[in-house]
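Novice: sequence first, predicted model second:
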Amino acid sequence: MNIFAISCLITAILTIVLAFLVLGHKGKINKLWFLTSLAIFLWTMGLFGSVVSPNERVALFSQRTLYIGTILLPAFFFHYIVYLINVYNTNKLKIKVIYSITLFFLVSSFTKTFINGVDVRNSFDY
């Protein structure tokens, strides 16, 4: 396992631990941060899995996980920031549009149009 894979794993573990610590407190802001952290966790675990995959099937699953986190992260983070700076009421339509776009990309991420396969690249396995 290389240093990049180790850093992905450490980031994923710390992110999910902190996410559940924040979730232990009440409030919508904590739930939104939990969702943002969950997306970061999916992203980093997908990246970790892609780097250390023993075969193409596992690498493809890891890439799909990575893309799910990548797709969710901007929507959750935007929602979190809008709520944090107290401009939620004036941005409800934007949030709905962003979640609609996010849903479109989430659904399409499971098609062969979005990702068709994986190849061995550079010093990483896949």
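Specialist: Noted; the coordinates are in hand.
Novice: contacts only, for Phe105.
Specialist: Ile71 (C-beta atoms under 8 Å, 6 or more residues apart in numbering). Yep, even glycine has a C-beta here, placed from its N, CA and C like the rest.
Novice: just the pLDDT for it.
Specialist: Looking at Phe105, its pLDDT stands at 94.
Novice: where does it sit: helix, strand or coil?
Specialist: Secondary structure assignment for Phe105 (DSSP: H, G, I helix; E, B strand; the rest coil): helix.
Novice: any idea how far the residue nearest the centre of the chain is from Thr90?
Specialist: By C-alpha atoms, centre = their mean, the chain has its centre lying nearest to Gly69, at 1.8 Å. Separation of Gly69 from Thr90 (C-beta to C-beta, to the nearest Å) stands at 28 Å.
Novice: what's the answer for Cys8, then?
Specialist: Distance of Cys8 to Thr90, given as C-beta to C-beta: 37 Å.
Novice: and Leu60, by the same measure?
Specialist: Taken as C-beta to C-beta, the span from Leu60 to Thr90 is 41 Å.
Novice: show me where the protein has its helices.
Specialist: Per DSSP state H, the chain carries helices over the ranges 3-23, 28-52, 56-84, 92-108.
Novice: would you check the distance separating stretch 1-12 from the middle of the chain?
Specialist: Here stretch 1-12 is found 16 Å from its chain centre; the criterion is C-alpha atoms, centre = their mean, to the nearest Å.
Novice: stretch 3-22 now?
Specialist: Worked out by C-alpha atoms, centre = their mean, stretch 3-22 lies 12 Å from the chain centre.
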